[in-house]
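Novice: need a structure here:
(chains A, B and C)
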Amino acid sequence: MTRVRLIQLTVVCGAILVLELLCRLAIIDRFTMIPPSEMLTALGHVVATAPWFWGDVGYTLGNLAAAIALSVVGGFLIGLAVHAVPRLRRALDPIFTSYYSVPTFVLYPLLIVVFGIGPTSLIVLGALFGIVAMIVATVTAIDRVPPVLLKVARVSRLGRLRTALLMKLPAASPHLVTGLRLAVAYSVIGIIAGEFILSTEGIGRRVALAYNNFDNQTMYALLVLILGFAIVVNAVLGSFEQALHRRWYRS
Amino acid sequence: MTKSALTRETAAPDAGVLSDIHLALRGISHIYPARASQGPVAALGPLDFEFRRGEFVAVVGPSGCGKSTLLEIIAGLVRPSAGAVEMDGRAITGTVADEIGVVFQEDATFAWLNVWDNVAFGLRRAGTEQAEIVRRVDYALAFMGLTDFRRAYPAQLSGGMRQRVCIARTLVLRPRLILLDEPFGALDQQTRLLMGEELLRLWRETAATVMLITHALDEAALLSDHVAVMSARPGRLIEVVATGWPRERDSTLVADPAFGALTARLWALLRDESRKALGVS
Amino acid sequence: MTARVRLIDYLLLAGGLWLAWIVLFEWAGPEALSPPGATLRRVGEYLTSAQFWPHAAATGLAFFYGCVIALLGGLALGFLLGAHRLSGQVGEPILSSLYSIPKITLYPVILLVFGLGISAKVAFGALHGIFPVALFTIGALKNTSPVLIKTARVLRLKPLATARTVLLPAALPEIVTGLRIGFSATLLGTLIGELFASDQGLGFMLIRAMEAHKVLDIMALTLLLFAFAASPMRCCWRSSVACTRGEGAPFSL
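Specialist: Have a look, this model is predicted:
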């Protein structure tokens, strides 16, 4: 364990401990926040006893998977198309750069009216959230393929398909994985946000219900769950991404 | 009266007569302390050397032999593990002496200042009065051929020109000892030869003592009065080769048969050391 | 690329969007969408009505406060952590992880802590904006070329003078990029706060329109929000592209 890691661990644990103390000493009152240790026990309680838990988890994860698939595949294909047509790329650039400055889930009400309340509108929302990150990442990834590789491909007389699969795809992989990570992260946000706003099922809805019913135990338990899930997924994809970047771009 | 705006009053040796010791290295050695991934590294030494006032010394050696470390020790940026650096007889180990100018290998221009402000930077920080700053900067720019570019920004200049800006910035401070760490490393051969001539012109104009670190043997053989040849890591002095060139010299010296013999001599000394450094048996 | 070509591109884009809108309207029906013409007229009505501007001002005020906290706080945090190598190495991954958690999970917590009202909106905004500013500042200080520091030492500058005349100008372009992204993120956070924690403001008007199923209002307000969010970005973008070498879109949460 390096010195840096040790200090980081100490800082994080210290922060959680401080929070625990502040809650236990009632400096932070129970209506605002429950102690972190209680959040974990509440989570255990919910997992073990709540009848709705696994159903809602399945609903949310199912929607998430669909949204991720849609945003990654769709984003990749659209990214390829945009890169191939420079005029299109220039024209769409202002949209891409300001896309994440806008709360895209204001479109959710419109989606509901079109698709009705249910998984479809949530999936579309999640996909809409993540797709632009994947598009931008794909375009960047193709940009960053070193031109010398393409020259090697031509000299070796690889056909277009083999060039794409053997040269372009591996060279583009670091940035594509970045796009994957961002698309996943954004899809999570989109789906959870959608479930907060309006939904019949799902973990996000349970959080909203708990909030409205002043049920802090359940609310914080589920928040910890969502947080933990997001951190783990992000960390896994992040280390994969860093490994690829190190292999391709030694600094 | 000084010869130019760039020469200090006290430093004007007669051409051809190189007198007392300007800078002395006594028993210099340096060991980099152990780090996370590796143990301590003996980088340099022990090393003894004397620079005579006003001479041009080139330092050559295989990669990793500690040439840059040596320069940083002389410049006072690094305190050596052992040994002392003396200038004019007084110890300056570990401190940045006033009369030393350094030109680094990497581009050290300040991207947010134009050429004129870059060159004037050191003088402004030292509190020199404005009229004097203008006088010296204008002279240095003219000397380095940068007058037309004084309003340009480094991003608009080529690598060679940016190095000239760095050299000009060092010059205006009127150093008596100029240290250069592979300043022309990133340039192509023709530009290097021309920049070498510039360096010689500068050396004669300022009458400073010059230490040039280079990996190019022909450059070392051409430009310097003495070539100090270092061994593979930890770098020690193998030999000091005298070139015997006259003070007024330029790149046409490459035609002189003695030049070829010198370069061959240097390579003969370095070939085995370079193989050691590369790990080739 | 000439300005004329760019103008044509913009017009083509606007035209394309208009067409896509009409097609969607035809397909989805008036229950779901409103046509572009009617929506724009509604926007015009909003902009000229007396009730609208207090709401817009409320949003603007919350955004302003959020910006102050995010930008200044982020700079301070970035400088404190970035000043030394160790603190930077410790702090940057922690900040990066905090930045990447879906802040949506913290919304209920913020609502509980700050209640409904402007402070919650400011908190949302600052929460979104502070991390990119801090992260970019740390990165800028870390990426300062060592040769510049060596040059400062060789020129015998005191540490304070080195920081002021060498480190700060060298780090400035990247810091400005961080400020730009932080600005954009703070705006986003403020608008989101409006949706969840509002008793006035544009987001509040949107929630009301959602509850009343007034499709025309929803669309008009959405359009306004998009324009509000996108336009400052364009001005900032243009003015800072020169000194930031045109960094790409916010590549993170």
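Novice: quick one: pLDDT of B:Thr10?
Specialist: Turning to B:Thr10, the model gives it a pLDDT of 47.
Novice: up against chain C, what does the stretch 101-250 of chain A have?
Specialist: Residues of the stretch 101-250 of chain A found near chain C, taking C-beta under 8 Å from any C-beta of the partner chain as the criterion, are A:101-103, A:105-107, A:109-110, A:113-114, A:133, A:136-137, A:140, A:178, A:182, A:185-186, A:188-189, A:192-193, A:196-197, A:207, A:211, A:216, A:219, A:223, A:226-227, A:230-231, A:234-235, A:238. No exception for glycine: its C-beta is placed from N, CA and C like everyone else's.
Novice: of these, which belong to helices?
Specialist: Counted as lying in helices by DSSP state H, out of these, are A:109-110, A:113-114, A:133, A:136-137, A:140, A:178, A:182, A:185-186, A:188-189, A:192-193, A:196-197, A:207, A:211, A:216, A:219, A:223, A:226-227, A:230-231, A:234-235, A:238.
Novice: I'd like to know which of these are buried.
Specialist: Among those, those classed as buried by neighbour count (16 or more other C-beta atoms under 10 Å in any protein chain shown) are A:109-110, A:113-114, A:133, A:136-137, A:140, A:178, A:182, A:185-186, A:188-189, A:192-193, A:196-197, A:207, A:211, A:216, A:219, A:223, A:226, A:230-231, A:234, A:238.
Novice: so, low pLDDT: which residues of the stretch 101-250 of chain C?
Specialist: C:229-250 (pLDDT under 70).
Novice: I'd like the next helix or strand past whichever strand or helix holds C:Leu11.
Specialist: C:Leu11 is located in helix C:3-28, with elements delineated by DSSP states H and E. Moving toward the C-terminus from helix C:3-28, the next helix or strand (DSSP H and E) is helix C:36-48.
Novice: and that next one, what does it pack onto?
Specialist: helix C:3-28, helix C:215-244 (3 or more C-beta pairs under 8 Å, 6 or more residues apart in numbering or on different chains; DSSP states H and E).
Novice: which of those is buried the deepest?
Specialist: Between the helices and strands packed on helix C:36-48, the one whose residues have the most neighbours on average, counting mean count of other C-beta atoms under 10 Å in any protein chain shown, is helix C:215-244 (a mean of 17).
Novice: which parts of chain B are strands?
Specialist: Assignment of strands within chain B using DSSP state E yields the ranges B:21-32, B:41-52, B:56-60, B:82-87, B:90-91, B:100-103, B:177-181, B:209-213, B:226-230, B:237-242.
Novice: would you reformat these as CSV and include distance to chain C?
Specialist: Supplementary listing: the strands of chain B in CSV, determined by distance: least, C-beta to the nearest C-beta, whole Å:
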stretch, distance to chain C
strand B:21-32, 16
strand B:41-52, 17
strand B:56-60, 18
strand B:82-87, 15
strand B:90-91, 17
strand B:100-103, 5
strand B:177-181, 9
strand B:209-213, 14
strand B:226-230, 21
strand B:237-242, 25
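Novice: mean pLDDT for those strands: which is lowest?
Specialist: strand B:90-91 (a mean of 85).
Novice: need the contact list for the nearest residue to B:Asp117 once chain neighbours are set aside.
Specialist: Distance criterion C-beta to C-beta, 6 or more residues apart in numbering or on different chains; nearest residue to B:Asp117, sequence neighbours excluded, is B:Phe110 at 7.8 Å. Counting by C-beta atoms under 8 Å, 6 or more residues apart in numbering or on different chains, B:Phe110 makes contact with B:Asp117, B:Asn118, B:Phe121, B:Pro154, C:Leu148, C:Val166, C:Pro169, C:Ala170.
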